[in-house]
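Student: give me a model of this one.
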Amino acid sequence: MRIAVTYENGEIFQHFGHTEQFKVYDIENGKITSSRVIGTDGFGHGALAGFLSNNGIDALICGGIGGGAQTALANAGIKLYGGVSGSADEAVQSLLDGKLDFNPNVMCSHHGHGENHSCGNHGCH
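Tutor: As a prediction, the model looks like this:
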């Protein structure tokens with residue numbers, strides 16, 4: 001199994017479509033066997049689903065995410081764990097321990113509303 005986390009300075013980056021890197025974890029027998037940080041090569045929003053699929057990702061942990069990206073991930077067969085914040089490493093361990101909830105309906109609150117939003121301090125207004 002391979003898990004990707006939107007990543008910035010050890011933390012889960014809070015806007016999927018604006019993430020510049022993912023931390024990718026290889027999992028065997030319920031344990032992390034390796035991890036590495038990979039850049040997104042300038043891909044953003046919906047194109048990131050293809051990027052993740054091409055890198056063999058089975059599950060994604062992220063903060064906020066829009067509906068289009070959620071659909072693209074679902075179509076690529078990538079399970080989404082959204083609305084997560086804090087340490088990337090701790091979130092992956094929580095997933096492996098069965099303590100991270102799967103919520104297919106989480107999204108960045110500003111998508112489709114044109115208002116201020118709460119998906120982190122990254123200036124994507």
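
Student: drop to CA atoms for contacts and neighbour counts, all remaining ones
Tutor: Will do.

Student: where does this structure have low pLDDT?
Tutor: The chain contains residues with pLDDT under 70 at 43-46, 102-125.

Student: most centrally placed residue in it?
Tutor: residue 62 (3.1 Å; C-alpha atoms, centre = their mean).

Student: in this structure residue 42 contacts residue 20, no?
Tutor: Yes: between residue 42 and residue 20 there is a contact under C-alpha atoms under 8 Å: 7.2 Å.

Student: which of those two has more neighbours?
Tutor: residue 20 (17 against 11; other C-alpha atoms under 10 Å).

Student: enumerate every residue touching that one.
Tutor: Contact partners of residue 20, counting by C-alpha atoms under 8 Å, 6 or more residues apart in numbering, are 7, 39, 40, 41, 42.

Student: returning to what we had before: ok, the residue nearest to the centre of the chain touching residue 8?
Tutor: No: look at residue 62 against residue 8 with C-alpha under 8 Å: they stay out of range, at 11.2 Å.

Student: contacting residues around residue 49?
Tutor: For residue 49, the contacting residues are 69, 72, 73, 76, by C-alpha under 8 Å, 6+ apart.

Student: after the helix or strand hosting it, which helix or strand is next? Please name it.
Tutor: Residue 49 belongs to helix 47-54 when elements are defined using DSSP states H and E. Following helix 47-54 in sequence order, the next helix or strand is strand 59-61 (DSSP H and E).

Student: ok, then the element right after that next one?
Tutor: Toward the C-terminus, strand 59-61 is succeeded by helix 67-75 as the next helix or strand (DSSP H and E).

Student: what helices and strands are in contact with that next one?
Tutor: helix 47-54, strand 79-81 (3 or more C-alpha pairs under 8 Å, 6 or more residues apart in numbering; DSSP states H and E).

Student: now the strands for the protein?
Tutor: Taking DSSP state E, the strands of the chain run over residues 2-8, 11-12, 21-28, 31-39, 59-61, 79-81.

Student: now tabulate the contacts of residue 20 in CSV and tack on distance to residue 56.
Tutor: Shown next, in CSV, are these (distance: C-alpha to C-alpha, whole Å):
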residue, distance to residue 56
7, 17
39, 15
40, 14
41, 16
42, 19
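
Student: understood, closing this out.
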